[in-house]
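A.B. asks: sequence unknown, structure follows:
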């Protein structure tokens, strides 16, 4: 799934808005839970476990009282294992589905994939007012399979948009769907040992030739 397809699968975004500061609510996927910060890319071998964190941030003086959103993933490269919401990170956040996965097949330009629905805060009451966060609101575990991507091949993107599973409300009960910005993530293959050996050998040969010229 390439960047040119992103606007077709993200009606809830401001493909929508190219500047994150214009979005009241930002959702980012941290592809590497080990490294500090939010990583948009992770290096993995086939069969590796990938834990992706979903982080929410309010970047403007906006509020959020409840939300539902879904994510899609490339089933050529990722196999879904488990998911969980993390209600402890936002005061008053509660789950509806208790982490149950609702997956349905989809294709975009013939690329197979799956959608995980209803990552949710059922009600936050008079919820957080921005600027706020980022805080982790969910976590998804995958197993990597045939990794064929690169930095431009997004493997996790926003899911389908419908009013049952993708809605954001502010503290006044108003829809704020147009103010959402979602950043996806990608998986890239760890370089094979043979490639690393070739690279190391070439580097060593260049260094040897340089030393010979210097001695001459």
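C.D. replies: Arrived safely, thanks for sending. The shown structure was predicted, so the numbers you read here are calculated from the model rather than taken from an experiment.
A.B. asks: In contact with residue 114, which residues?
C.D. replies: Neighbouring residues of residue 114 by Cβ atoms under 8 Å, 6 or more residues apart in numbering: 72-73, 75, 80, 103-106. In this view, the C-beta of every residue, glycine as well, is placed from N, C-alpha and C.
A.B. asks: Out of the residues you listed, who's the most crowded?
C.D. replies: residue 73 (28 neighbours; other Cβ atoms under 10 Å).
A.B. asks: So what sits opposite that one in the bridge?
C.D. replies: residue 114, residue 156 (DSSP bridges).
A.B. asks: Name all residues that make contact with it.
C.D. replies: Neighbour list for residue 73: 80, 113-114, 116, 140, 142, 155-157 [criterion: Cβ under 8 Å, 6+ apart].
A.B. asks: pLDDT-wise, what's the bottom of those residues?
C.D. replies: pLDDT across the contacts of residue 73 is lowest for residue 113, at 80.
A.B. asks: returning to that earlier point: and the contacts of residue 73, which is closest to residue 56?
C.D. replies: Looking at the contacts of residue 73 and their distance to residue 56, the nearest is residue 140, at 14.3 Å (Cβ to Cβ).
A.B. asks: That closest one sits in which helix or strand?
C.D. replies: Element membership for residue 140 (DSSP states H and E) is strand 132-144.
A.B. asks: Distance of residue 112 relative to residue 74?
C.D. replies: According to Cβ to Cβ, to the nearest Å, residue 112 stands 8 Å off from residue 74.
A.B. asks: Comparing these two, which residue is more hemmed in?
C.D. replies: Neighbours were counted for residue 112 and for residue 74 using other Cβ under 10 Å; residue 74 has more, 24 against 11.
A.B. asks: That one against residue 147, yeah?
C.D. replies: No: Residue 74 is beyond contact range of residue 147, at 10.0 Å (criterion: Cβ atoms under 8 Å).
A.B. asks: how much space between residue 72 and residue 155?
C.D. replies: Note on residue 72: its distance to residue 155, by Cβ to Cβ, is 9 Å.
A.B. asks: Let me fix that, I meant to ask about residue 188.
C.D. replies: Distance from residue 188 to residue 155, by Cβ to Cβ: 9 Å.
A.B. asks: what about the closest residue to residue 60 other than its chain neighbours, how many neighbours?
C.D. replies: Once flanking residues are discounted, residue 60 sits nearest to residue 24: 4.7 Å by Cβ to Cβ, 6 or more residues apart in numbering. By the criterion of other Cβ under 10 Å, residue 24 has 21 neighbours.
A.B. asks: For the residue nearest to residue 59 when sequence neighbours are not counted, give the beta-bridge partners.
C.D. replies: The shortest distance from residue 59 to any non-neighbouring residue, by Cβ to Cβ, 6+ apart, is to residue 26 (5.6 Å). On the basis of DSSP bridges, residue 26 is bridged to residue 57, residue 181.
A.B. asks: and the host helix or strand of residue 68 with strand 132-144, angle?
C.D. replies: Residue 68 belongs to strand 66-74 when assigned by DSSP H and E. Orientation of strand 66-74 against strand 132-144 (axes from the mean of the first three to the mean of the last three Cα atoms, to 10 degrees) gives an angle of 30 degrees.
A.B. asks: State the mean pLDDT of strand 66-74.
C.D. replies: If you average the pLDDT over strand 66-74, you get 89.
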